[in-house]
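> could you work out the structure for the sequence below:
(one chain, ligands or ions: 1)
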Amino acid sequence: MSLVVFPFKSEDPSLVLGNMAIAAANDAIDEVWAVAAEEGAGEKAVDRGAGEISRAHLKPVSVLLQQRLGKLRPGKGDAMNTAIKRAAEDGWDRVHFYDADITNFDSSWIDGAEAAADNGYGVVRHRFPRAATDAMITWMITRPAFARIFPGTFLPRLDQPLGGEVLLTRSAVESLAGSEMVRERSDWGIDTVLTYTTSVMGIGLYEHHVADGKRHALYGSLDELKEMLIECLDAACSLDGLPGPGSDARHGSDPASDPPEDLKRIVAYDIEGSRRLLGKVWPEDEASLVAALPDEAAGRLLSDGPDRVFGRMDANLWYEVHGLLLGRFVLGDPSWESLAFRLWLMRVLAYTVQQASQGYDEAMGYLRSTVERYETTASSC
Ligand code: DGY
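Next comes the predicted model:
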């Protein structure tokens, strides 16, 4: 018995309903839920449409309201945990989660995940190519954190550790429903925590490749990602010191294929608008936090305003800065939140100007080799 769940908030109801209809039409799927962040016009529109899909496919299709289960900002984590809790109580064998904003969702996502579960994998994550300037939290925060905290395991090599597209089999759903760490993570940090928790369950993890990439709305200036950035950073910090998957952990993956040509040309965010956010001078509180870096690194950053020195934020300097953030960042502290965003912005812009501008293949090779280098550095410490 398989269930599909779409958490949603402000996505276009017709997109959410289109994705729900695709899931309902799949023979492997017995029921579809959308979990709404709040009551309102969007939730009502999806609820009305769900009734029609249910009648057309003769299976239950419904909208749930997310419950307040966690301790952090009420967000995507509460939505996913609402579904995990209820699916565990109902005893579903397989639960698929998909972000509601995917514009190229089709049955092959479901079929690919089901096939891997049929082959005995307890968790299936979807992997897909993304634009060279997309996934900047994945590439600059999460994968480097996995490389430092869990070197030598498969975690740093997972393609989409922040992806909300995952299939969980019953034992995974039950363990996640019983995990305090997962339940408390009500914000954007949920994907990081789910990726970690499912990787240490010992039930096998498979990455199913979606060759066309995940198509979704892209960003304006990068301040649109500030909340996600600080919450994903905090989630990464919360993993420091925890045990990683064992060397015998079962991990399989479809091979990657050549990304579609149009995806290689996409610029995922507004570069000039983001550059304007850097600021001409370092705020005093942030400068005193940066001063905790080794002298040479702090000197390189503080010798001029952020908008003039951002190009110095290369992979080596970022390794030091990322280490400082991982060890000292405090969620809810305005100075740390503002500083973490500014430093990440400097890193993303430096990479965009220096590497992403060289072409897709060069940029992706650079990102992958940087994470590998961080992992090697971390293992030798
Ligand atoms: C990421 O970095 O993967 C986030 O989805 C933002 O693009």
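
> going forward, measure contacts between C-alpha atoms and count neighbours the same way
Fine.

> if I look at G163, how far off is the ligand?
7 Å (C-alpha to the nearest ligand atom, to the nearest Å).

> pull the number of nearby residues for that residue.
Neighbourhood size, G163 [other C-alpha atoms under 10 Å]: 21.

> for it, give me its contacts.
For G163, the contact set (C-alpha atoms under 8 Å, 6 or more residues apart in numbering) comprises 125-127, 191.

> read off the pLDDT value for it.
pLDDT for G163: 96.

> repeat for C381
At C381, the pLDDT value in this model is 72.

> over to D258?
What the model reports as pLDDT for D258 is 89.

> so the closest residue to it other than its chain neighbours, which state does it fall into?
Leaving aside its sequence neighbours, D258 sits nearest to A211 (C-alpha to C-alpha, 6 or more residues apart in numbering; 7.6 Å). Judged by DSSP: H, G, I helix; E, B strand; the rest coil, the three-state class of A211 is coil.

> I figured A211 hits H126, correct?
No: using C-alpha atoms under 8 Å, A211 makes no contact with H126, being 10.3 Å away.

> show me which of the contacts of G163 neighbour the ligand.
Checked against the ligand using C-alpha under 6 Å from any ligand atom, the contacts of G163 give no members in range.

> looking at A211 and H126, which has the bigger crowd around it?
H126 (27 against 15).

> tell me the spacing between the more buried one and the ligand.
Taking C-alpha to the nearest ligand atom, one finds H126 at 13 Å from the ligand.

> go on, S380?
From S380 over to the ligand the distance is 27 Å, taken as C-alpha to the nearest ligand atom.

> domains of the protein?
2-264, 271-380 (automatic domain parsing).

> contacting residues around the residue nearest the centre of the chain?
Nearest to the mean C-alpha position of the chain, counting by C-alpha atoms, centre = their mean, stands L162 at 1.8 Å. L162 sits next to 138, 142, 191-192, 195 when contact means C-alpha under 8 Å, 6+ apart.

> for G49, which non-adjacent residue is closest in space?
In space, G49 is closest to L17, 6.5 Å off (C-alpha to C-alpha, 6+ apart).

> what is the rounded mean pLDDT of the strand or helix carrying the one you found?
Following DSSP states H and E, one finds L17 within helix 13-25. Averaging pLDDT along helix 13-25 yields 98.

> ditto for stretch 281-295
Averaged across stretch 281-295, pLDDT comes to 97.

> the residue in the stretch 201-350 of the chain positioned nearest to the ligand - how many residues pack around it?
Closest approach between the stretch 201-350 of the chain and the ligand, counting by C-alpha to the nearest ligand atom: L225, at 6.8 Å. As a burial measure, L225 scores 14 neighbours (other C-alpha under 10 Å).

> likewise L242?
Neighbours of L242 (other C-alpha under 10 Å): 10.

> can you tell me how far the residue nearest to the centre of the chain is from K214?
In this view, L162 and K214 are 13 Å apart by C-alpha to C-alpha, to the nearest Å.

> next one: F154
F154 is 22 Å from K214, by C-alpha to C-alpha.
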